[in-house]
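Asker: Pasting the sequence and the predicted coordinates here, then a few questions.
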Amino acid sequence: MEDTLEELKAKIITLEERNIRLMEDLQTAENDKRYSEGELFRLQKDHSRIRAELERLKSPPLIIGSLRDVLPDNRVVVKSSTGPDFVVSVSEYIPPEDLVAGARVTLNKQTLAVMNVLPLPLDPVVTGAEIVEKPDISYEDIGGLAKQMLELREAVEDPLLRPELYAKVGIEPPKGVLLVGPPGTGKTLMAKAVANATNATFIRFVGSELVQKYIGEGARLVRELFELAREKAPSIIFIDELDSVGAKRMDVATSGDREVQRTLMQLLAELDGFTPTSDVKIIGATNRPDILDDALLRPGRFDRIIEIGLPDVEGRTQIFKIHMSHMSIDKAINPRKLAEVTDTASGAEIKSICTEAGMLAIRDGRDTVTERDFFQAKEKVMEAGRNKIKSAPTHMFG
Ligand SMILES: Nc1ncnc2c1ncn2[C@@H]1O[C@H](COP(=O)(O)OP(=O)(O)OP(=O)(O)O)[C@@H](O)[C@H]1O
């Protein structure tokens, strides 16, 4: 939280008083030989730290501007935030290579001289990605995917938590993992669970958000996404709907297709740009593996593919148990019975059945959900699912 002006003034007065006291102590210490070298050095260090802090707090605010051009005599043209362009000098501490047109700079209030080059702000779409410092999903929240979870933990958790396992054997961990499965089967859950287990920052991005209308925008977003992940490392980048940006490249392409392909090329470059032992891991998810560009699937990119199908009766029973465990339900309810009559349900649909059953109980003025509520809810949710499939394009997962 930024200090208010009053708080800043109070801070400066306190620091100045401390500074005066320290100077007096230092004077005494220098005259009075009883002080050891070490004590003298500590006092001098404290004094210079406080002086630096005072200078920082008392320095005038800087103006934000943008650099328009670099002139042959090393002066630059800047556009201040107030509007006009100025030709100004540059602080000698700024590396010349940082002075590029478009760079965001800070300008001295009196002379407008360039004092620093600021990092470009990350695109709101990137910072708007779902960033969860520590997702609250654990492996126990996921039913019916024990085998797939084991594969994912080997490919992502071990390299992040126990990199020496791979070093000892002398192999490199997979760089990218691709979760392939129909909607609502737990792909996002799995990515969050492994981020939770590895204390990694979870950054979720939907592929279609990378497909931008302006040329080069998609590629820039990909660059910034990976830059953010490196900044927040250890981190897991989860790109959902990878097929919307990673579809097979076609020869004859519209400008929109070419833009998607530029974005894909940038994604491939980023994947190639970091080592398998880096603490940034990539998990992709798709329910259309058939249209993915082969370049994405070659070794060194998304080189571990984990299939996640619809849960079998065992899996459905586990998923019902997981979601029922948070509910007030009739003790006689048997999750297995429900699992046996929901053979095409995904995990998401099972969750919806539980939610719908709870709402039926509430509508009826009860605070305990009965088996009848669950069977009625099942009819409603599965019917809705069937209607959705009837109207869905025939090419869905297959
Ligand atoms: N295997 C599962 N175990 C427990 N809950 C599940 C499972 N699969 C799905 N769910 C429930 O469905 C919700 C959606 O799951 P999730 O977001 O992981 O699906 P997804 O495969 O990523 O879907 P999509 O492909 O549409 O993004 C979860 O929040 C959870 O409540």
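Answerer: Perfect, I can see it now. Everything quoted here is computed from the prediction, not taken from an experiment.
Asker: Run through the neighbouring helices and strands of the host helix or strand of residue 48.
Answerer: In the assignment (DSSP states H and E), residue 48 maps to helix 37-58. In terms of contacts (3 or more C-beta pairs under 8 Å, 6 or more residues apart in numbering; DSSP states H and E), helix 37-58 is packed against helix 5-31. Heads up, the C-betas are built off the backbone N, CA and C, glycines and all.
Asker: Residue 92: how many residues sit nearby?
Answerer: By the criterion of other C-beta atoms under 10 Å, residue 92 has 6 neighbours.
Asker: Make 791 the starting number, not 1.
Answerer: With 791 as the first residue, the last one maps to residue 882.
Asker: can you list the residues of the stretch 1041-1188 of the chain near the ligand?
Answerer: Near the ligand, the residues belonging to the stretch 1041-1188 of the chain are 1075, 1077, 1109, 1112, 1137, 1138, 1141 when assessed by C-beta under 6 Å from any ligand atom.
Asker: returning to what we had before: how far away from the center of its chain is the helix holding residue 838?
Answerer: 39 Å (C-alpha atoms, centre = their mean, to the nearest Å).
Asker: Give the pairing partners of whichever helix or strand comes after that helix; include direction for each.
Answerer: The helix or strand immediately downstream of helix 827-848 is strand 853-860, counting by DSSP H and E. Partners of strand 853-860 in the sheet, by DSSP bridges, are strand 866-870 (antiparallel), strand 894-897 (antiparallel).
Asker: Assign residue 1143 to helix, strand or coil.
Answerer: Under DSSP: H, G, I helix; E, B strand; the rest coil, the three-state class of residue 1143 is helix.
Asker: ok, it touching residue 1167?
Answerer: Yes. Look at residue 1143 against residue 1167 with C-beta atoms under 8 Å: they come within range, at 4.7 Å.
Asker: Neighbour count: these two, which is higher?
Answerer: Ranked by neighbour count (other C-beta under 10 Å), residue 1143 and residue 1167 place residue 1143 first, with 26 against 22.
Asker: Residue 1120 - how many residues pack around it?
Answerer: Residues lying near residue 1120 (other C-beta under 10 Å) number 14.
Asker: measure it to residue 1142 for me?
Answerer: Applying C-beta to C-beta, to the nearest Å, the value for residue 1120 to residue 1142 is 19 Å.
Asker: And the pLDDT at the residue nearest to residue 880 when sequence neighbours are not counted?
Answerer: Nearest non-adjacent residue to residue 880, counting by C-beta to C-beta, 6 or more residues apart in numbering: residue 904, 4.5 Å away. Model confidence at residue 904, given as pLDDT, is 93.
Asker: Walk me through the domains of this protein.
Answerer: Listed domain ranges for the chain are 853-908, 915-1097, 1103-1178 (source: automatic domain parsing).
Asker: coming back round to it: show me what contacts the residue nearest to residue 880?
Answerer: Contacts for residue 904 (C-beta atoms under 8 Å, 6 or more residues apart in numbering) come out as 855, 857, 866, 868, 878-881, 884, 889, 895-897.
Asker: got any ranges where the stretch 941-1090 of the chain has weak pLDDT?
Answerer: Scanning the stretch 941-1090 of the chain for pLDDT under 70 picks out the ranges 1002-1003, 1040-1043, 1045-1046.
Asker: what about the helices in it?
Answerer: Ranges of helices within the stretch 941-1090 of the chain are 948-951, 953-959, 977-987, 997-1000, 1007-1021, 1033-1036, 1045-1062, 1084-1087, based on DSSP state H, counting those that start in this stretch.
Asker: can you put those in JSON lines and add mean neighbour count?
Answerer: As requested, the helices of the stretch 941-1090 of the chain are exported to JSON lines (neighbours: other C-beta atoms under 10 Å):
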{"stretch": "helix 948-951", "mean neighbour count": "19"}
{"stretch": "helix 953-959", "mean neighbour count": "12"}
{"stretch": "helix 977-987", "mean neighbour count": "24"}
{"stretch": "helix 997-1000", "mean neighbour count": "20"}
{"stretch": "helix 1007-1021", "mean neighbour count": "20"}
{"stretch": "helix 1033-1036", "mean neighbour count": "24"}
{"stretch": "helix 1045-1062", "mean neighbour count": "18"}
{"stretch": "helix 1084-1087", "mean neighbour count": "16"}
